[in-house]
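In: Model the following, please.
(2 chains, ligands or ions: 3)
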Amino acid sequence: MSVLDSKVPKGPLKTKWTDYKNHIDLVNPANKRNIDVIVVGTGLAGGSAAATLAELGYNVKTFCYQDSPRRAHSIAAQGGINAAKNYQGDGDSTYRLFYDTVKGGDYRSREANVYRLAEVSANIIDQCVAQGVPFARDYGGLLDNRSFGGVLVSRTFYAKGQTGQQLLLGAYSAMNRQIARGKITPFNRHEMLDVVKIDGKARGIIARNLVTGEIERHSAHAVVIASGGYGNVYFLSTNAMGSNATAAWKIHKKGAFFANPCYTQIHPTCIPRSGDYQSKLTLMSESLRNDGRIWVPKNMDDVLAIREGKKKPTDLSEDERDYYLERRYPAFGNLVPRDVASRAAKERCDAGYGVNATGEAVYLDFASAIERYGKEQAKIHNIANASADKIYELGAAIVKAKYGNLFQMYEKIVDQDPYKTPMMIYPAVHYTMGGVWVDYNLMTTVDGLYCIGEANFSDHGANRLGASALMQGLADGYFVLPYTIGDYLSHEIRTGKIPTDTPEFDAAEKEVTDKINFFVNNKGSHSVDYYHKKLGNIMWEKCGMSRNAQGLREAMVEIKELREDFYKNVSVPGNANELNSELEKAGRVADFLELGELFAKDALEREESCGGHFREESVELDGEQKGEAKRNDKEFAFVSAWEYKGEPGDAILHKEDLEFNEIELKQRSYK
Amino acid sequence: MNLTLKIWRQKDAQSKGQMVDYKVTEISEHMSFLEMMDVLNEQLINSGEEPVAFDHDCREGICGMCSMYINGEAHGPDRGVTTCQLHMRMFKDGDTITIEPFRAAAFPVLKDLVVDRGAFDRIQHAGGYISVNTSGNTQDANAIPISKHAADEAMDAATCIGCGACVASCKNSSAMLFVGAKVSQYALLPQGQVEATDRVKNMVAQMDLEGFGNCTNTGACEVECPKGISLENIARMNREFLSANIKG
Ligand SMILES: Cc1cc2nc3c(=O)[nH]c(=O)nc-3n(C[C@H](O)[C@H](O)[C@H](O)COP(=O)(O)OP(=O)(O)OC[C@H]3O[C@@H](n4cnc5c(N)ncnc54)[C@H](O)[C@@H]3O)c2cc1C
Ligand code: SF4
Ligand code: FES
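Out: Numbers count the residues shown, from 1 in each chain, chains lettered A, B, ... in the order given. Ligands and ions are numbered 1, 2, ... in the order given. Reported below is the predicted structural model:
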């Protein structure tokens, strides 16, 4: 028997959340003043949660490692946020958003959570507009929408290519209002390094002031972790440099189960790595695939000539090119889902057809789109016998209007003009769907310890769609957690202030200080990045898009060895009691070195291809789907939740079986 | 490329700082400026020295964290970019590059190139928000129609990333472009009207309290702003401020 209780309320799916809200215990407003809540992380999830909890009357302390909440990684999200508003009248509904999200997650998410997400999604837009978020508008003054990632309705709200920025600034402004009222005390440039448990309940945290190095104790009646995703375990990813797993991993070590660590989303359209010095990868919005055609040369001679600079991609004729997505997936072509597009690109590059110096790039070509739009424009403007130059000019103008800022960003980084020569793209690690296990209340397996946003595992299953992460972050923070946490806190009204001079705080602080002292005193010979890059390499090669049992077993051993070497030979200059970015990195990489091993273990356990994860042993052997990923619902329709037992390799697996009452499980097909 | 770097080193807020020379070799022109700094730091760590502290996070020009004064310009010689988007192809083999923190009385140096921009946050606490409850019981979003033009203009103002380049490049260390952008975003939207008067007064008062200088219309801020925030926002703030004071 599993010890996991998802606490999903009984009753019909459609009324679960309403019924639940009608029956939970409430905290009297006068009592809220006596209750403290800590929120770690001020991205979309943490920022919106902190503002709402403070508005309800709780005393909130927020923590973030940046100098301001406004700089959390959420700021980088480009494309948009989904909501079932049906403003376009194209048949969208709560049910459809729910259905698309469960299917898009390859049937590995919890029905009740996803339904609730779809239900509150419409409120998010109302809330953000009321806060002054400048979403795109049409000429009638109403909100505009775009469609995103293979969905058949137009439900994505956006603010230019800067949706995350604007949503975060909205949440941050809501925080500002509460900071001005004295209901939120912000601790910026502070890093949470451990959680403190008293009598089995989360009662506070240990944090380091990143400017002075001071170790601080903060107590509260409940602790909320909103610390984002762990994609940087790969070293190279589209995540911000500071994004890390520390908060989530530290609570895992204190009893919070870690779910589905092997579920990562790999995004197909990123700017390729150009050399070993590279520190991060840059995303090019997925919308480019609406017009770009993806190809590599058919002949190896051409590949080599291009790499050596003897030929240009534009020298190759149509039939010297392999439009491999159009060839393999005639129905969806270049618009196959992210995981399929990513895997296909890697397959071609692994076979030696990569077109840049590192052999890790394919072309995303806009030439046919420019020509098609150009001819159309020539017709519209009644230009008979338009010259090729004229057609190009007209077409390029249309492409510029649609993707101008992305093209400019590409040109700044790569120094090539994508209007004239095809872009080079390659898949990159983007988003982690795994994370801390939470029940329907968003509570972890530790009482009073909550986890929201990308840091938790809920809602996305195995293959997150675009525009759904922002939605989940804000849904959790504005509309779900403020209710569910009240149910817990209603039992805390007589607890009183929680002292920080207790043995539990002493012990947690000692553990943190010992670790810091170890790092600054260990006079090793390698930098922290040296280890991080090595770890990233193992993760990408053996726990990346395509995995097999042997590789995963090797990865577990290699990561463990790397971890041992790290503790012997890492070198961290500077002192503990000052601003020391190497020390910050050391702690984060230490946690990645443990998480990475659990990641491989989880992937090894999951003997099915699922979402973005192609398990080489689980492949369709014949029929129309021959060679494609094969999911195994009979044996693997569960959430894996790992319990910490010392070494990551010794973690114990608990399974939460997933029930699907509203949705029939179907194999995906993109042929 | 081989380069000589002259970098401001300062142990902490209390210590005195100084310029120190470093050499870096084999810099690829495809590197970003921060990747070049990574190379330097790796070199320093390997020789047992302390790496240069600098702020950065997203490395794609949107978080506003990376702040350096390069060869006398905020974010360096390229236009419309942050330091993380600045590429080494803007420099030549053999160049000497001067790298300093953003200097302004209201932005104290914390260490090396890291400065404290908390003043920007405090200005926003003073009024950078619309007082609406986060309960989700707000009216339907389309019940507040906003003209495309106003929405686009508000969006342009809201694009400010709070990097502080405007302050650093201003001879008076004025924060008017930043505050102007914030005030404008709300001034352009119907939702922000009710408290417009208090907002602009409170934000301007806090700005003065933080020790930022006054605007003398030099326009250096607009030139150095990586997000193209226009001086029009300062004018709009001044109008708002004036009419707020007339209203009393
Ligand atoms: C380039 C890019 C584009 C994207 N585009 C989209 C999109 O178009 N649509 C979409 O839906 N999603 C998109 N995503 C995904 C989405 O942005 C993220 O999933 C989401 O923003 C995560 O929000 P969060 O609040 O959970 O975490 P974050 O925004 O990552 O916030 C984490 C917070 O935790 C703090 N923190 C972390 N660790 C600690 C610690 N130990 N102590 C103290 N504080 C800590 C940080 O300071 C920060 O405040 C994109 C992601 C990327 C990388
Ligand atoms: S106005 Fe421009 S320069 Fe000033 S903080 Fe905003 S983005 Fe930076
Ligand atoms: S690191 Fe975010 S803007 Fe440069």
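
In: where exactly do the strands run in chain B?
Out: For chain B, the strands defined by DSSP state E cover B:3-9, B:18-24, B:69-70, B:73-74, B:96-100, B:109-111, B:114-115.

In: now the angle from the second one to strand B:96-100?
Out: What it means is strand B:18-24. Interaxial angle, strand B:18-24 versus strand B:96-100 (axes from the mean of the first three to the mean of the last three Cα atoms, to 10 degrees): 140 degrees.

In: Report whether strand B:18-24 contacts chain A.
Out: No. If you take Cβ under 8 Å from any Cβ of the partner chain as the test, strand B:18-24 misses chain A, and the best it gets is 11.1 Å. C-beta coordinates here come from the backbone N, C-alpha and C atoms, glycine included.

In: Direction included, what does that strand pair up with?
Out: Next to strand B:18-24 in the sheet, as set by DSSP bridges, lie strand B:3-9 (antiparallel).

In: and if you look at the fourth one?
Out: With DSSP bridges as the test, strand B:73-74 is paired with strand B:69-70 (antiparallel).

In: Quick one: distance of the strand it pairs with to the chain centre.
Out: 13 Å (Cα atoms, centre = their mean, to the nearest Å).

In: what is the mean pLDDT for that strand?
Out: Taken as a whole, strand B:69-70 has a mean pLDDT of 98.

In: Can you name the residues in contact with it?
Out: Contacts to strand B:69-70, defined as Cβ atoms under 8 Å, 6 or more residues apart in numbering or on different chains, come from residues B:33, B:76-77, B:83, B:86, B:97-103, B:168.

In: touching ligand 2 at all, that strand?
Out: No. Against ligand 2, strand B:69-70 shows no contacts by Cβ under 6 Å from any ligand atom, the least distance being 12.7 Å.

In: how about the helices of chain B, start to end?
Out: When assigned using DSSP state H, the helices of chain B occupy the ranges B:33-46, B:118-125, B:148-158, B:165-169, B:176-187, B:196-209, B:220-224, B:232-247.

In: touching chain A at all, the fourth one?
Out: I take that to be helix B:165-169. No. Against chain A, helix B:165-169 shows no contacts by Cβ under 8 Å from any Cβ, the least distance being 14.4 Å.

In: how about that helix, does it reach ligand 3?
Out: No. Helix B:165-169 is not in contact with ligand 3 by Cβ under 6 Å from any ligand atom; minimum separation 10.5 Å.

In: and among the strands of chain B, the most buried is which?
Out: Of all those, strand B:114-115 has the most neighbours on average by mean count of other Cβ atoms under 10 Å in any protein chain shown, namely a mean of 26.

In: which neighbours does that strand have in its sheet, and in what orientation?
Out: Counting by DSSP bridges, strand B:114-115 is paired with strand B:109-111 (antiparallel).

In: Quickly find the element holding A:Leu364.
Out: strand A:362-365 (DSSP states H and E).

In: er, A:Gly374 I mean
Out: With DSSP H and E as the test, A:Gly374 turns up in helix A:367-380.

In: If you count contacts, what does that helix end up packed against?
Out: Counting contacts by 3 or more Cβ pairs under 8 Å, 6 or more residues apart in numbering or on different chains; DSSP states H and E, helix A:367-380 is packed against helix A:388-414.

In: moving C-terminal of the helix it packs on, what's the next helix or strand?
Out: Next along the chain after helix A:388-414, taking DSSP H and E as the criterion, comes strand A:423-432.

In: Report the mean per-residue pLDDT for that next one.
Out: The pLDDT scores in strand A:423-432 average 95.

In: Show me what it is packed against.
Out: Strand A:423-432 makes packing contacts with strand A:264-270, helix A:338-348, strand A:362-365, helix A:388-414 when contacts are defined by 3+ Cβ pairs under 8 Å, 6+ apart.

In: who wins for proximity to chain B among these?
Out: For chain B, the closest of the helices and strands packed on strand A:423-432 is helix A:388-414, at 5.9 Å, according to Cβ to the nearest Cβ.

In: what's the angle from the closest one to strand A:423-432?
Out: 50 degrees.

In: near ligand 2, which residues of chain B show up?
Out: Within chain B, the positions lying close to ligand 2 (Cβ under 6 Å from any ligand atom) are B:160-166, B:177-178, B:181, B:225-227, B:229.

In: before we move on, the earlier item: between the helices of chain B, which one is closest to A:Gly170.
Out: Among those, the nearest to A:Gly170 by Cβ to Cβ is helix B:148-158 (9.4 Å).

In: Return the nearest residue of the stretch 151-300 of chain A with respect to ligand 1.
Out: Residue nearest to ligand 1 within the stretch 151-300 of chain A: A:Gly228 (2.5 Å; Cβ to the nearest ligand atom).

In: ok, and for stretch A:39-52, which residues are buried?
Out: Buried residues in stretch A:39-52, defined by neighbour count with 16 or more other Cβ atoms under 10 Å in any protein chain shown: A:39-52.

In: Would you map the helices across the stretch 201-350 of chain A?
Out: Here the stretch 201-350 of chain A has its helices, by DSSP state H, counting those that start in this stretch, at A:246-253, A:300-307, A:324-328, A:338-348.

In: contact partners of the shortest one?
Out: Counting by Cβ under 8 Å, 6+ apart, helix A:324-328 makes contact with A:293-296, A:332-334, A:336, A:341, A:344, A:348, all of which sit outside it.

In: near ligand 3, which residues of chain B show up?
Out: Contacts of chain B with ligand 3, taken as Cβ under 6 Å from any ligand atom, map to B:56-59, B:61-66, B:82-84.

In: In contact with the residue nearest to B:Phe241 when sequence neighbours are not counted, which residues?
Out: Spatial nearest neighbour of B:Phe241, excluding adjacent residues (Cβ to Cβ, 6 or more residues apart in numbering or on different chains): B:Val200 at 5.1 Å. Counting by Cβ under 8 Å, 6+ apart, B:Val200 makes contact with B:127, B:183, B:187, B:237, B:240-241, B:244.

In: tell me the pLDDT at B:Val200?
Out: Value for B:Val200, per-residue pLDDT: 97.

In: try A:Phe614
Out: If you check A:Phe614, the pLDDT there is 89.

In: same deal with A:Ala455?
Out: For A:Ala455, the pLDDT comes out at 98.

In: neighbours of the nearest residue to B:Ser147 once chain neighbours are set aside, just the number please.
Out: Using Cβ to Cβ, 6+ apart and skipping the chain neighbours, the partner closest in space to B:Ser147 is A:Gly141 (5.3 Å). If you count neighbours by other Cβ atoms under 10 Å in any protein chain shown, A:Gly141 ends up with 15.

In: Just give me the residue closest to the centre of the chain.
Out: By default, I'm working from chain A. Nearest to the mean C-alpha position of chain A, by Cα atoms, centre = their mean, lies A:Tyr431 at 2.7 Å.

In: Oops, wrong one, chain B.
Out: B:Cys163 (1.7 Å).

In: what about chain B, any weak spots by pLDDT?
Out: Low-confidence segments of chain B (pLDDT under 70): B:248.

In: Closest residue of it to ligand 1?
Out: Taking Cβ to the nearest ligand atom, chain B has B:Glu60 as its residue nearest ligand 1, at 7.0 Å.

In: can you tell me how far A:Lys16 sits from ligand 3?
Out: 41 Å (Cβ to the nearest ligand atom, to the nearest Å).

In: Tell me the confidence at the closest residue to ligand 2 within the stretch 101-250 of chain A?
Out: Residue of the stretch 101-250 of chain A nearest ligand 2, by Cβ to the nearest ligand atom: A:Gln165 (11.3 Å). With respect to pLDDT, A:Gln165 scores 97.

In: cool, the one 3 residues further on as well?
Out: Per-residue confidence at A:Leu168 stands at 98 (pLDDT).

In: repeat for A:Met284
Out: pLDDT, A:Met284: 89.
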